Structures are given as C-alpha cells and as structure tokens.
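Chemist: here are the coordinates; sequence isn't available:
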C-alpha cells in the first residue's frame, strides 16, 4: 500500500484526543482504524513504535503510556478487527492474521522498520510479527504475555471461573482485580481503558477469545532476531509470570524485568517505572 504523508509527515492538526487518524486495509479487505501521535518520523531521530493492545480492546488500551512515549517519537496504534472503528469480519482468525494486520498498518503509513511493544494478546501478536517479518522489527517489548500452546503457564481455574461468572458485575470486578490492585482503584477508579471495548459485539468478543486462546508461537520464537525485553508483574494471575521465563528461554536475544507487586496492567499502576524501562530499552 502507499504512504499516508498527511498523517506521518505533514503533521496536520490532531483531533481533540491528540491523535491523527487514518485507515489501513488488511489483505482480506478488512478496514483497520489507525491512530498516530507524537512528532512525524522525519522530525525525530528515534524509531517509531507500534503499540499492540490486549484482547478485546481498542487503541484506548494505550491511553497513558502512549503519552510517555510520543514526547519524542512517533507512536502508532490500531483498533483490532472487531474493536473501535475497525471492521468486524464474520470469520475466524488467529494471532498470525493480526500480525498481518499490523504489517498492513505499517505499509499504509509508509513505515519500514519500527520498534514494537505488545502487551497481553498484543504481545502474542508481536511474537508472530517479529518472527515472520524480522525486517520490520528493530526492537521488541513483550509485556504480560505468553508463548501460548501446551508449553505455556496457564491461568488457574479460579481465575477462569471468576471471569466467566454469569453475574456481569462480579465478572467485571474480577477483571479489575486482575488488572490492578485495590489501592490503585481507590485512587484512580476503575481502569476502564483495559476492561474491553464496550462497543464490541458478542461475536467479536468470542472471536478475540478464540484467537488468543489458540495462540502457539513456541516453534516460531527462536526465529525472532530483534533484541527483546520481556516485562511481567510477579502478581499477574491473568498471564502467570512463569511465562516470562519461557519467552526468555526461547527468544535468542531476550532479557527479562519482573516488576514486584505488579499485576496484569502493570503499565497502568506502575506507569512511571514501566515507561522508563521501555524508553531506556528502545533508546
């Protein structure tokens, strides 16, 4: 696809939320909503960074941390298919398909090699992106994620039961507790940006769940050549911290940083620390 210079280079006036918007088209015709912030690549010596959100979430997942990164670099997000302003095709897909969507976004923006920061399901997608398209990834950050498949450390049955509670209020409370500690909620309120896109249809939510659950990049991980930082909270019950060690063992040039006392959305309740770690690694 061609470049979109009025988004990445000309820096038009941003919309009220500070983002510049455009659209990319995936290989199957799915239209993907794209958001860009920070200085254009031509005005910054730093490599643009592609941010990949968690399951059933739009680009809003990155509210907060994005502002810590786009001070001096271009940041790019997309709404996963089925979320936000993107199309919601009625067909199954896996994390490799979503990695192809990410490539379509980079192509639409005329971006070649970028840094990639994926968390949760976005980290699963980032694994395929780095393994299958090594020429597009300079450095890789994998946060609160898993290699998937039979080798992965799975969440416990108590967590699964809590998230599947038929009472929506109890299920939401369980999700909030998995994401951030009560002390953070008491100060900031619910972390609404990481609790799922409220505009998603039940069908799209189901497709995301299947997509994430069927992820298995175990055999692909050794093909990743980008220097990789693995970030994980040691109190993450959604994606147990044992997965961090598995990723470091499989990715050839990987290092790990475990945040003590952090849960799944460590990038929210440990925002300053997480942002500093990412910036230092990408720099």
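Modeler: In hand now; what should we look at? Everything numeric here is computed off the predicted structure, so don't read it as measured data.
Chemist: Contacts only, for residue 62.
Modeler: 51, 53, 75, 77, 193 (CB atoms under 8 Å, 6 or more residues apart in numbering). Yep, even glycine has a C-beta here, placed from its N, CA and C like the rest.
Chemist: now the helices for the stretch 51-200 of the chain?
Modeler: Counting by DSSP state H, counting those that start in this stretch, the stretch 51-200 of the chain has helices at residues 65-69, 95-108, 121-132, 157-163, 168-179, 182-188.
Chemist: Run through the neighbouring helices and strands of the longest one.
Modeler: Just to be clear, that refers to helix 95-108. strand 20-25, strand 31-37, strand 49-52, strand 75-78, helix 121-132, helix 202-213 (3 or more CB pairs under 8 Å, 6 or more residues apart in numbering; DSSP states H and E).
Chemist: Residues contacting that helix, please?
Modeler: The contact list for helix 95-108 (CB under 8 Å, 6+ apart) reads 1-4, 22-27, 30, 32, 34, 50, 52, 76, 78, 80-81, 112, 114, 116, 121, 124-129, 132-133, 136, 148, 211-212, 214-215, 217.
Chemist: on that earlier part again, which pair of the contacts of residue 62 spans the longest distance?
Modeler: Spanning the widest gap among these are 75 and 193, at 15.2 Å by CB to CB.
Chemist: These two - which one has more neighbours?
Modeler: Using other CB atoms under 10 Å as the criterion, residue 75 and residue 193 rank with residue 75 on top: 26 against 19.
Chemist: Can you name the residues bridging to the more buried one?
Modeler: Legend: beta-bridge partners of residue 75 under DSSP bridges are residue 37, residue 49.
Chemist: Report pLDDT for it.
Modeler: What the model reports for residue 75 is a pLDDT of 97.
Chemist: Quick check, it in contact with residue 69.
Modeler: Yes - at 5.3 Å, residue 75 and residue 69 qualify as touching, with contact defined as CB atoms under 8 Å.
Chemist: So for those two, which residues contact both of them?
Modeler: What both residue 75 and residue 69 touch, as defined by CB under 8 Å, 6+ apart, is the set 38, 49, 51.
Chemist: and these as TSV, adding neighbour count, pLDDT and distance to residue 64?
Modeler: Below are the shared contacts of residue 75 and residue 69 laid out as TSV (neighbours: other CB atoms under 10 Å; pLDDT from 0 to 100; distance: CB to CB, whole Å):
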residue	neighbour count	pLDDT	distance to residue 64
38	24	95	14
49	24	98	15
51	25	98	11
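Chemist: Next, count neighbours for residue 89.
Modeler: What residue 89 shows, counting by other CB under 10 Å, is a neighbour count of 17.
Chemist: And it, how close does it get to residue 265?
Modeler: Taking CB to CB, to the nearest Å as the measure, residue 89 falls 28 Å from residue 265.
Chemist: Which of the contacts of helix 95-108 are buried? Put it as a PyMOL command.
Modeler: Of the contacts of helix 95-108, the buried ones go into a single PyMOL selection, burial set by 16 or more other CB atoms under 10 Å:
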select buried, resi 4+22+23+24+25+26+30+32+34+50+52+76+78+80+81+114+116+121+124+125+126+127+128+129+132+133+136+148+211+212+215+217
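Chemist: quick one on the thing from earlier: using CSV, lay out the helices and strands packed on helix 95-108 together with distance to residue 229.
Modeler: Listed next are the helices and strands packed on helix 95-108 as CSV, based on distance: least, CB to CB, whole Å:
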stretch, distance to residue 229
strand 20-25, 26
strand 31-37, 22
strand 49-52, 12
strand 75-78, 17
helix 121-132, 11
helix 202-213, 21
